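Novice: can't give you the sequence, but here's the structure:
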């Protein structure tokens, strides 16, 4: 590939690059909490459950479209159902959001009165979601093509409307976290003390997981399972290895995610690869660099 | 005098399980109450009820003041040292409900946090990473976090658990001086009677689903300790301090 071709590729994929960077930055920001709260397994599980939602949407999409085609011109209420189904058929993220929020409700329940530890419920969610994803994909119309999209996303095909939608969700998540940073930090660090000061710990936990679930659900369709999970883990780890203050950790995590996403996308274009592997590789290299810097201090 | 905390015939527990029954306890301003009992006896349940984290299954738990009057000091091992927080960051958490949602804490808030650090004897550790502190320093940090909100009551959960002798002595002296100099009401939870017997004025024994409160003089003089612990126990005095020991037989071995 010539330099000119490469630059042309970057220009043509500008929206995809911006989308990748947005997904990476938001996942990295939330990833700091995920690592600090020691709920990495929740992140993996939510990502897998969200993927199962996308896979379910792939499976039922053609059926929804066919029902919509048959009913949309009929009499009410069938026409309304048709309109809904037509809208849903091309928006797998809606199914993914519903499934993910269902899982959030289950995972964020307070531990009292549970017959099983939270980890067991999360593990069960993970294996069920993995099995269902496989089943849905095998039975879907496109098969292996859907598997690739599920793992690697479709960020290359990101349009302006998709980008605005991603931006709106991520801006809302950022606003919630900017406004309630102190509450999220206090509840994450010392839930019992926070409760004794009158904080509704269960509600703050729920709000955190809702923002996490929303981010994962909208990000996973575009960036894929691998990138979303990696961007929640590797940049946060880089920030924690490199910095000893909360602000520094967030800044380094988000910056390393942005660099990983941009460099990863460029390498994918250069070597004609899926976007996830070079993005994850770059992020892992930055984490290794952070370890070296720390060791050299 | 109006009590700061009043439990009246309270049944405490979780769901349908009653851990403690018929709990009647009043805590007055300036009190120093030790809450003692073996592991699993229900001390934490009592503590949670006082903090308002669980509701009584029967009876009542009342804190007449409308303000947050209790400064809670949890067990330091419950705090995760992976968080990149300095001592000052943690003390400022005690003021979070008075800080603006966005931006750095105001100078007056930082000044209050520094005063609390001074009171806890760790002003020099202000910018140290919490994870790098010794057990005693961590305990002082979370005591400072409780103090910064200017509480009337300090409720400490096993503050000397797992500490060496100098650490334990330092923390108990600090609590004593806060009680004496600031007239701070202290509730100190411990599974070791020896931790509290030389400091607390009254001791609430939590055992067998009940709570029995005795003045220190009653604890020292009576045979109730043997009943509570289900073994022969004696209280000896050495150098103006009391020590609770299993009663010895003629050979000097525990009976």
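Specialist: It's in. For clarity, every value in this text was computed on a predicted model and none was experimentally measured.

Novice: Get me the contact residues on chain A for chain B.
Specialist: Applying Cβ under 8 Å from any Cβ of the partner chain, we find that chain A lies next to chain B at A:35-36, A:38, A:112-113, A:178-183, A:185-186, A:188-190, A:192-193, A:195-198, A:240, A:243-246, A:248-249. Bear in mind the C-beta positions are built from the backbone N, C-alpha and C, glycine included.

Novice: any idea how far chain B is from the spatially most central residue of chain A?
Specialist: Nearest residue to the geometric centre of chain A (Cα atoms, centre = their mean): residue A:216, 2.4 Å. Using Cβ to the nearest Cβ, to the nearest Å, residue A:216 is found at 22 Å from chain B.

Novice: May I ask which helix or strand encompasses that residue?
Specialist: Taking DSSP states H and E as the definition, residue A:216 sits inside helix A:201-242.

Novice: average pLDDT for that helix?
Specialist: What helix A:201-242 shows for mean pLDDT is 91.

Novice: Which neighbouring elements make contact with the helix or strand just after that helix?
Specialist: Toward the C-terminal end, the helix or strand that comes next after helix A:201-242 (DSSP H and E) is helix A:246-271. Counting contacts by 3 or more Cβ pairs under 8 Å, 6 or more residues apart in numbering or on different chains; DSSP states H and E, helix A:246-271 packs against helix A:3-12, helix A:14-36, helix A:201-242, helix A:276-296.

Novice: Now do the buried residues in helix A:246-271.
Specialist: For helix A:246-271, burial by neighbour count (16 or more other Cβ atoms under 10 Å in any protein chain shown) applies to A:246, A:249-250, A:252-269.

Novice: Determine the angle, from 0 to 180 degrees, between the helix or strand harbouring residue A:133 and helix A:201-242.
Specialist: Here residue A:133 sits within helix A:118-139, counting by DSSP H and E. Per axes from the mean of the first three to the mean of the last three Cα atoms, to 10 degrees, the angle that helix A:118-139 makes with helix A:201-242 is 80 degrees.

Novice: Quick check: mean pLDDT of helix A:118-139?
Specialist: 86.

Novice: ok so, going back, of the helices and strands packed on helix A:246-271, which approaches residue A:99 most closely?
Specialist: Residue A:99 sits nearest to helix A:201-242 of all those, at 7.9 Å, using Cβ to Cβ.

Novice: and the angle from that closest one to helix A:14-36?
Specialist: 100 degrees.

Novice: so who does residue 93 touch?
Specialist: Using chain A here. By Cβ atoms under 8 Å, 6 or more residues apart in numbering or on different chains, the contact set of residue A:93 is A:54, A:57, A:217-218, A:221.

Novice: Chain B is the one I meant
Specialist: By Cβ under 8 Å, 6+ apart, residue B:93 lies in contact with A:185-186, A:189-190, A:193, B:145.

Novice: Kindly recompute the last result at 7 Å.
Specialist: A:186, B:145 (Cβ atoms under 7 Å, 6 or more residues apart in numbering or on different chains).

Novice: For the residue in the stretch 101-250 of chain A that chain B sits nearest to, report the pLDDT, please.
Specialist: Going by Cβ to the nearest Cβ, chain B is nearest to residue A:196 of the stretch 101-250 of chain A, at 4.2 Å. Note on residue A:196: pLDDT of 87.

Novice: Counting by contacts, list what the helix holding residue A:133 packs against.
Specialist: Secondary-structure packing of helix A:118-139 (3 or more Cβ pairs under 7 Å, 6 or more residues apart in numbering or on different chains; DSSP states H and E): helix A:40-71, helix A:92-107, helix A:144-152.

Novice: Same list, those, but as a markdown table with mean pLDDT please.
Specialist: Formatted as a markdown table, the helices and strands packed on helix A:118-139 follow (pLDDT from 0 to 100):
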| stretch | mean pLDDT |
| --- | --- |
| helix A:40-71 | 82 |
| helix A:92-107 | 86 |
| helix A:144-152 | 64 |
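
Novice: now the longest helix seen in chain B: mean pLDDT?
Specialist: Ranked by residue count under DSSP state H, the longest helix found in chain B is helix B:165-182. For helix B:165-182, the mean per-residue pLDDT is 91.

Novice: count of neighbours near residue B:242?
Specialist: 15 (other Cβ atoms under 10 Å in any protein chain shown).

Novice: Pretty sure it sits against residue B:199.
Specialist: No: counting by Cβ atoms under 7 Å, residue B:242 stays clear of residue B:199, with 10.3 Å between them.

Novice: mind checking how far the helix holding residue A:133 is from the chain centre?
Specialist: 17 Å (Cα atoms, centre = their mean, to the nearest Å).

Novice: between that helix and helix A:40-71, how big is the angle?
Specialist: If you take the same axes, to 10 degrees, helix A:118-139 sits at 40 degrees to helix A:40-71.

Novice: For helix A:118-139, buried residues please.
Specialist: Neighbour counts over helix A:118-139 (16+ other Cβ under 10 Å) mark A:118, A:121-122, A:125-126, A:129, A:132-133, A:136-137 as buried.

Novice: Tell me where the stretch 101-250 of chain B is predicted with low confidence.
Specialist: By pLDDT under 70, the weakly predicted segments of the stretch 101-250 of chain B are B:222, B:249-250.

Novice: which parts of it sit against chain A?
Specialist: In this structure, the stretch 101-250 of chain B approaches chain A at residues B:101-102, B:129, judged by Cβ under 7 Å from any Cβ of the partner chain.

Novice: For these, pick the one with the most neighbours.
Specialist: Using other Cβ under 10 Å as the neighbour test, these are led by residue B:129, with 16 neighbours.

Novice: List the residues that contact it.
Specialist: Counting by Cβ under 7 Å, 6+ apart, residue B:129 makes contact with A:244, B:86.

Novice: Phi, psi for it please.
Specialist: In terms of degrees, to the nearest 10, the main-chain angles of residue B:129 are phi -70, psi 130.

Novice: Got phi/psi on the residue of the stretch 101-250 of chain A closest to chain B?
Specialist: phi -70, psi -20.

Novice: Strands of chain B, start to end?
Specialist: Secondary structure of chain B, counting by DSSP state E: strands at B:5-14, B:17-27, B:32-36, B:58-62, B:70-73, B:153-157, B:185-190, B:202-207, B:210-215, B:233-238, B:241-246.

Novice: so how many other residues sit close to residue B:55?
Specialist: 11.

Novice: Next: residue B:110.
Specialist: Neighbour count for residue B:110, taken as other Cβ under 10 Å: 16.

Novice: cool, the one 5 residues further on as well?
Specialist: Using other Cβ under 10 Å, the number of residues around residue B:115 comes to 16.

Novice: excluding its backbone neighbours, what's nearest it?
Specialist: In space, and not counting its chain neighbours, residue B:115 is closest to residue B:148: 7.8 Å by Cβ to Cβ, 6 or more residues apart in numbering or on different chains.

Novice: From chain A, how far off is the one you found?
Specialist: 11 Å.
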